[in-house]
Structures are given as C-alpha cells and as structure tokens.
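Visitor: quick one, structure for this:
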Amino acid sequence: MPIINRIAEFQDEMTEWRRTLHADPELSLEEHRTSQLVQEKLKEFGVDEIITGLARTGVVGIIRGGAGSARSIGLRADMDALPIHEETNLPYASRNAGVMHACGHDGHTTMLLGAAKYLAETRNFDGTVYLIFQPGEENLAGGEIMVKDGLFERCPVDMVFGMHNWPLVPAGTFRWRTGPIMAAVGNIEITITGKGTHGAQPHFGTDPIVIASHIVTALQTIVSRTIEPVEGGVISIGHISGGHTYNVIPETVHMKGTARWFKPAVGDKLEAGVRNLATGIAASFGAKADVTFQRAYPATINNPEATELTLRAAAAVAGDARVRPMDNPTMGGEDFAFMLQAKPGSYILLGAGRGPNDAMVHHPAYDFNDEVLTVGASYWATLTEQLMPRTGADLNHPR
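Guide: Residues are numbered from 1 along each chain as shown. The predicted model follows:
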C-alpha cells in the first residue's frame with residue numbers, strides 16, 4: 001500500500017504548514033507560537049480533545065475512532081528549533097536571528113498534523129490515538145518533563161512511537177533497529193582555575209589554556225584505551241572559552257563537551273575517566289579542575305514487538321525493499337528515550353535524502369525535504385489503522 005491517496009491530496013497544505021513553522025522557529029520550551037499553531041490546526045481538524053500545558057508548551061490531540069475500544073497508542077513529534085544561524089537563503093528561511101529548524105522538527109510536527117487531519121476525518125480505526133507534540137527535545141529533555149507532568153496518566157497509551165527524518169538515506173525509505181537505536185547523552189563541563197599573568201611572563205602564572213589543551217588530548221584516550229573496542233563510546237569537546245586579549249594569560253578556562261554510550265557500565269567508565277583525567281592533569285600543573293558530568297538522556301531502546309509493528313506499517317507505505325535494518329545504532333541522542341522507559345514502543349528513521357550533497361541535521365544549510373511529508377503522515381495513519389483495525393465494511397473505508 002503506497003502513500004494514502006487522501007493524504008497525498010493535501011501535500012500542498014502540509015508544505016505550507018511546514019514552511020510557516022520553518023520561518024518562525026522557537027527554542028526549547030519556548031515554542032509558544034508553534035504550540036498555538038498546532039492547537040489551531042487540531043481544532044480545525046475536529047479532534048475530540050486537546051490537552052495543553054505539559055512541559056509548558058506541549059500539546060496532545062486526542063482522536064477516538066470506531067466503537068470505543070480500550071486500545072490506544074501514542075504518536076510523538078518534536079517541535080523545537082536550535083540556536084543556529086540559518087544559511088539556506090530560502091524564501092521561507094528563519095526570520096528569527098540565531099534560531100533555526102536545523103533538525104527537521106518543523107517537518108516532524110507537520111507530518112503528525114497531516115496524520116491528525118486524515119485520522120480525524122476518516123476515523124478508520126477502533127480505539128484512541130494520542131497525538132503528542134513535544135517541546136524541548138534539544139538538550140532540555142522535554143520528553144522527560146512531559147512524562148513527569150503526567151503525560152501517560154492523562155494519556156494511558158498501550159504503546160508509543162516516534163520518528164525522525166534522516167538525510168543520509170534516500171527519501172521515502174525507512175531505517176530501523178531493535179534494541180538500542182540512539183545513544184545515552186552526558187553533558188560535560190570543566191572549569192580550570194589556574195593563575196593569570198602577563199603573556200610575556202608565563203613563569204609567574206599557571207596557564208589554564210595549556211592545561212585545557214592537555215585535557216582535551218587526554219580525554220580522547222578514555223574510549224580508545226579503557227572501553228572494550230566492540231562497545232560504543234564517544235567523548236567530544238565542543239567549546240573552550242578563556243581569556244580576552246593577545247598578551248594576558250587568563251585565570252580560568254571553561255570547557256563544554258558531550259559523552260555518548262549505550263550500556264550504563266560504559267557511561268560509568270566515561271564519567272570516571274573524565275573526572276580523573278581532568279582533575280589529575282590540572283593538579284599536576286598546580287591548578288584546579290571542577291568537573292560536572294550530567295547524564296542528560298538515556299539510550300533510546302526499541303521494544304522488539306513494537307518494532308515489528310512499525311516495520312509492517314513502514315512496508316505498507318514504502319514497500320518491503322525500502323525498509324532496511326540499520327547495521328549499527330547512531331551515537332545521536334533522543335529524549336524520546338524517556339517515553340520508551342515509561343511505555344513499550346519504537347523509534348524509526350525516515351529517509352529524507354535528496355543527494356550526496358545534502359546537509360546533515362544540525363547544519364546551518366540543512367532544510368527538511370518536503371517530498372517526504374506525505375510519506376511520514378501516511379506512516380502514522382497506517383500504523384494507527386493497523387494497530388487498531390476496525391472490522392467488517394469499515395476496512396474498505398476510502399483511503
């Protein structure tokens with residue numbers, strides 16, 4: 001079964017929604033206008049109920065179909081943008097300086113809205129579908145906040161499902177994996193305190209910039225020399241700041257980085273390694289290092305039974321040959337992990353690649369591929385109809 005005909009009919013509408021969202025991006029937990037647009041669309045579609053206020057700006061649309069079965073599923077899309085200056089020069093590029101939909105959450109929101117429009121119109125399922133529009137995926141764990149705010153008490157789903165676009169594989173294809181599909185995330189902060197002095201007289205001070213350089217190099221040995229090679233682990237420093245001019249050695253240097261892993265024991269080793277190396281190297285120079293290692297997101301782990309259901313829906317939309325297993329999980333992180341800790345479910349990747357020169361997510365030249373909007377919306381609708389089928393003549397409802 002290919003893209004649902006009825007969904008294909010409003011491809012242009014979906015493209016307009018997506019580009020409207022793209023032009024007006026909002027950062028994590030600040031998605032007020034995005035939340036309002038989602039609510040307006042859900043009301044327009046005629047969903048049965050709308051829940052607001054979870055994780056500040058979160059929205060859940062509820063659609064009940066069929067004869068009132070107790071079955072229920074959750075479909076989740078993220079809404080927030082990134083603190084990136086857009087460099088696409090597109091007509092619908094971000095109007096908000098330094099904020100950009102560089103991860104495709106505008107497309108994710110649009111695909112779930114497209115499914116909402118179709119499902120509210122057709123009701124070709126027996127049960128309840130909860131359409132979860134989540135804020136704060138980028139580093140602020142909006143998924144965890146929604147769960148703590150009572151998402152699954154108010155929306156008692158049997159299973160919950162997520163999806164992310166993936167420019168590295170051809171548009172309209174799907175990639176899946178049972179078990180871990182995305183890594184756990186740790187946020188690293190290191191503050192080195194030395195002794196400032198004139199740059200021409202370094203012997204009067206303790207140079208935190210030199211110390212930071214040694215620490216950055218040493219951190220790369222944690223994975224290569226303490227983690228079993230067949231295990232996954234990453235430590236990367238993404239920010240160093242210290243000093244303000246040419247000839248002054250500063251008192252302090254601040255570093256930020258990320259750690260990634262799958263098994264908790266590996267995360268323990270990474271944290272211990274960061275702490276031991278940073279503090280030990282600083283002490284060896286006569287300085288001090290304060291280390292914060294915050295475990296932000298757990299690994300995203302797909303339930304085997306739920307994953308089988310996602311494969312059936314994906315194959316119905318794209319065809320068996322275009323639904324392929326991933327050889328390895330990705331080291332990216334995803335706060336959908338918190339929902340999967342609370343409920344069984346699965347997370348799948350939707351190919352969105354146009355060609356070899358595509359910008360990857362989190363790049364200032366990235367732009368979501370509107371060609372896959374109907375694919376993603378059809379996947380959500382098909383998953384709902386397959387997991388909560390109606391009987392008899394209802395199965396022949398026009399699609």
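
Visitor: which residues of the chain fall in helices?
Guide: Here the chain has its helices, by DSSP state H, at 5-9, 11-23, 32-45, 105-122, 142-148, 151-154, 208-226, 264-284, 304-318, 336-342, 373-387.

Visitor: which of the ones you listed sits closest to M255?
Guide: Nearest of the helices of the chain to M255, taken as Cβ to Cβ: helix 208-226 at 5.9 Å. The C-beta positions use only the backbone N, C-alpha and C, and glycine is treated the same way.

Visitor: wouldn't P329 be in contact with R177 here?
Guide: Yes: using Cβ atoms under 8 Å, P329 is in contact with R177, at 5.9 Å.

Visitor: neighbour count for these two, which is higher?
Guide: Neighbours per residue (other Cβ atoms under 10 Å) separate P329 from R177, with R177 holding more: 21 against 18.

Visitor: show me the domain layout of this protein.
Guide: The record's domain parsing of the chain by automatic domain parsing lists 5-182+299-396, 184-297.

Visitor: still on that earlier bit, Serialize the helices of the chain to a markdown table and add fields for mean neighbour count, distance to A296 and mean pLDDT.
Guide: Below are these laid out as a markdown table (neighbours: other Cβ atoms under 10 Å; distance: least, Cβ to Cβ, whole Å; pLDDT from 0 to 100):
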| stretch | mean neighbour count | distance to A296 | mean pLDDT |
| --- | --- | --- | --- |
| helix 5-9 | 16 | 35 | 96 |
| helix 11-23 | 19 | 25 | 98 |
| helix 32-45 | 18 | 22 | 98 |
| helix 105-122 | 25 | 18 | 98 |
| helix 142-148 | 22 | 9 | 97 |
| helix 151-154 | 16 | 19 | 98 |
| helix 208-226 | 17 | 18 | 97 |
| helix 264-284 | 18 | 11 | 97 |
| helix 304-318 | 19 | 24 | 97 |
| helix 336-342 | 22 | 10 | 98 |
| helix 373-387 | 26 | 26 | 98 |
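
Visitor: so V210 makes contact with F285?
Guide: Yes: the pair V210 / F285 is scored as a contact, 7.5 Å apart, by Cβ under 8 Å.

Visitor: got phi/psi on the residue lying closest to T197 once chain neighbours are set aside?
Guide: Leaving aside its chain neighbours, T197 sits nearest to G205 (3.0 Å; criterion: Cβ to Cβ, 6 or more residues apart in numbering). In terms of degrees, to the nearest 10, the main-chain angles of G205 are phi -130, psi -170.

Visitor: now G205: how far from S346?
Guide: 55 Å (Cβ to Cβ, to the nearest Å).

Visitor: neighbour count winner among those two?
Guide: Each of G205 and S346 has its neighbours counted (other Cβ under 10 Å); S346 has more, 28 against 18.

Visitor: quick one, what contacts the more buried one?
Guide: Residues in contact with S346 (Cβ atoms under 8 Å, 6 or more residues apart in numbering) are M159, F161, G162, W176, N302, N303, A306, T307, L309, T310, L340.

Visitor: now with 10 Å?
Guide: With contact set as Cβ atoms under 10 Å, 6 or more residues apart in numbering, S346 has these partners: 159-163, 176-178, 181, 300-311, 336, 340, 383.

Visitor: okay, it and L75: tell me how far apart.
Guide: Taken as Cβ to Cβ, the span from S346 to L75 is 11 Å.

Visitor: now list whatever residues contact both of those two.
Guide: Common neighbours of S346 and L75 (criterion: Cβ under 10 Å, 6+ apart): M159, V160, F161, G162, M163, L383.

Visitor: redo those residues as CSV? Include distance to V248.
Guide: Output for those, formatted as CSV (distance: Cβ to Cβ, whole Å):
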residue, distance to V248
M159, 58
V160, 53
F161, 54
G162, 49
M163, 50
L383, 60
